[in-house]
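got a predicted structure here, sequence first:
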Amino acid sequence: MATQMTTIRFPSDVYQRLKKYAEDKHLSVNQVVVESVSQMLSESSVSKTTIESRLILNEVIPPKKIFAESGLVLVNGIYYRFLTNDNQPIIPDTSYVVVEAVGNILTIQSIRK
């Protein structure tokens, strides 16, 4: 995928909050911004979201909260069934991010380092 570079100006306090959020989620600031903008621009996220899906989209799931044997993940204290976005098995010791939520089934994507 081709990328385009741009400059974005953030108020200092907003940038500091963004940076802390990215660090807490073990993501780069760039990843957080790209995922957030992609989600905002996605037609499905605008027209078909529920409050619950908005609360869990882009949540990072650490490996210890992914139970591949049972097909469950623990997100915000709730167990959900999951699918991987590429239909591949879970990669051990890898964090995943929630990219879609439909009912009680989440689609998760591995976070590549």
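The structure has been received and is ready for your questions. Numbering: from 1, shown residues only.

just to check, Ser110 is in contact with Ile91?
Yes. At 5.6 Å, Ser110 counts as touching Ile91 under the criterion of C-beta atoms under 8 Å. (Glycine included, C-beta is placed from N, CA and C.)

could you point out the helix or strand that follows the helix or strand containing Leu55?
Using DSSP states H and E, Leu55 sits within helix 51-56. Reading on from helix 51-56 to the C-terminus, the next helix or strand found by DSSP H and E is strand 60-61.

lowest average confidence, helix or strand, in the chain?
The weakest-scoring helix or strand in the chain, judged by mean pLDDT, DSSP states H and E, is helix 43-47 (a mean of 52).

residues in contact with the nearest residue to Leu18 once chain neighbours are set aside?
Closest residue to Leu18 apart from its sequence neighbours, by C-beta to C-beta, 6 or more residues apart in numbering: Val29 at 5.9 Å. Contact analysis of Val29 by C-beta atoms under 8 Å, 6 or more residues apart in numbering lists 18-19, 22.

measure Val29 to Phe67 for me?
Val29 is 30 Å from Phe67, where distance means C-beta to C-beta, to the nearest Å.

now find how far off-centre stretch 54-62 is within its chain.
Remark: stretch 54-62 is offset 5 Å from the chain centroid, using C-alpha atoms, centre = their mean, to the nearest Å.

cool, and stretch 57-70?
With C-alpha atoms, centre = their mean as the basis, stretch 57-70 stands 11 Å off its chain's centre.

so for that stretch, first residue to last residue, what's the gap.
From its first residue to its last, stretch 57-70 covers 22 Å (C-alpha to C-alpha, to the nearest Å).
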